[in-house]
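Visitor: below is the sequence, then the predicted model.
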Amino acid sequence: MPSKLEGMWSDPPATAVGTLCFFACTDAAIERLNALLDDPKNDARPFPQLAAEAQKHQTDNYLRPRLTEAALKTYPLDPADDPGFLRCEPWGLARQIFAPHQIQIRRLANDRVELHYGEWDAHRTVYMDGRARPAGQAPTRLGHSVGRWDGDTLVVETTGIAENQMIWRARHSDQLRVAERFTRSDDGTMLHLTATLTDPWSLREPLVIKRNWRWAPTSTIEAYDQCKPPIAVKRGVAP
Amino acid sequence: MTVARTAVVLGLVLLPCVGPAWAHHAFSPVYDSKRSETVSGVVTEFRFVNPHAMLVLEVKDDHGKTATWTVEFAGRLNLSEIGWTKESLKPGERITVTGNPTHVVSHQMAFVKIVKADGTVLEPAAAQRADVLEEERRERARRRTESK
């Protein structure tokens, strides 16, 4: 395994795009934010307002048009119904891979790479020998991931993902497929992920989502064992 | 009086900044970002854990009656990134906390700001990033002006 990606990565730097893409974002949101920042009329507006406008643009012009009628029936899901919140159920793959904070990439053996996330202390195994998902295996929360190297890029393909919700409060089916490409920036300080999500049930066309981390060799992942369901919640309040 | 209530504060002031806020669950089903409360009291416990750090505070009202308040934070994962440790808040410390109250439960809030007895101010990661962001914006504006 090339050592370029191996190690600990964490939250992106406090730049405008880094903050917009703290969880994840699309090119649509980045382009909109840059246009807003480059317009002198917006110089006095607070950054959260501009970022919210870029995210709304992303929702209205990128995400929503790609959702099928079936997915739109429940979109956007009420955050008060999130099982991760109500029952402390760890996230499914289509949220976990965009989670904030750390990702640690390490080789477990010649045929495996582990992706270890700070959020939920989640571990993924990526099989580098191309082994197929076991026949008859039921879909799982994080699915079955196989990987390969394309030069210095780690390419991971995941299938067998149980029905769940994806990032941005939309549902997906167990037909979801996720293709991830991890690359390191030329100066070595950033890890870039481009993930392509396809699902005939929820998506009219693929969603291409980006996520960035900064090199953080001293960062550590701590236990994630004190989750408690909420005492009381209010439904219908937008985030 | 150790409890101060601010009826309705402009959302922009207290909204968690876009991005580095709460990860494990959405803020909005529990806390009301349009209101804030400020209480002063003595720390009895600080749990520096994931997914959310928690602070327990004993607060006395004007009549000397003590109430226990709970303050919820982003998780240890988030706070560690800005230098917090389990020693950042110690039992016995007197502090003033500003936060967003819950929609339905009393004596509980989400952390916005803490002022310690010596004047030290603790803020969430998002607030710390805001200063750097504004510097980037000023630089963009300067380059834009120069290019004209």
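Guide: Arrived safely, thanks for sending.
Visitor: give me the beta-bridge partners of A:V178?
Guide: A:T158, A:L197 (DSSP bridges).
Visitor: just the helices in chain B please.
Guide: B:11-14, B:76-80, B:125-146 (DSSP state H).
Visitor: with chain A instead?
Guide: So, for chain A - with DSSP H - the helices run A:16-20, A:27-38, A:47-58, A:64-66, A:69-72, A:83-86, A:93-96.
Visitor: weakest of those helices in terms of mean pLDDT?
Guide: Ranked by mean pLDDT, these bottom out at helix A:83-86, with a mean of 87.
Visitor: in that helix, which residues are buried?
Guide: A:G84, A:F85 (16 or more other C-beta atoms under 10 Å in any protein chain shown). (C-beta placed from N, C-alpha, C; glycine too.)
Visitor: what distance do you get for A:R45 to A:D39?
Guide: According to C-beta to C-beta, to the nearest Å, A:R45 stands 10 Å off from A:D39.
Visitor: I meant to write B:E135 there.
Guide: Relative to A:D39, and taking C-beta to C-beta, B:E135 is found at 19 Å.
Visitor: for residue 95, list the residues it contacts.
Guide: Went with chain A since none was named. A:G84, A:N164, A:Q165, A:M166, A:I167 (C-beta atoms under 8 Å, 6 or more residues apart in numbering or on different chains).
Visitor: oops, chain B please
Guide: B:S40, B:G41, B:V42, B:V43, B:L57, B:L89, B:I114, B:V115, B:K116, B:A117.
Visitor: ok, the last one touching B:R94?
Guide: Same thing as B:A117. Yes: the criterion here is C-beta atoms under 8 Å, and B:A117 meets it with B:R94 at 4.8 Å.
Visitor: who has more neighbours, A:R45 and A:D39?
Guide: Taking other C-beta atoms under 10 Å in any protein chain shown, A:R45 and A:D39 do not tie; A:R45 has more neighbours (15 against 12).
Visitor: circling back: got a winner among the contacts of A:R95 for most neighbours?
Guide: Busiest of the contacts of A:R95 [other C-beta under 10 Å] is A:M166, holding 27 neighbours.
Visitor: just the CA trace of the lowest-mean-pLDDT helix or strand in chain A, in CSV.
Guide: Lowest by mean pLDDT, DSSP states H and E among the helices and strands of chain A is helix A:83-86, with a mean of 87. Extracted in CSV, the C-alpha atoms of helix A:83-86 (Å, rounded to 0.1, in the frame of the first residue of the first chain):
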residue,chain,number,x,y,z
PRO,A,83,-32.5,6.6,14.9
GLY,A,84,-29.0,7.7,15.7
PHE,A,85,-30.5,10.3,17.9
LEU,A,86,-33.5,8.5,19.3
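Visitor: this completes my enquiry, with thanks.
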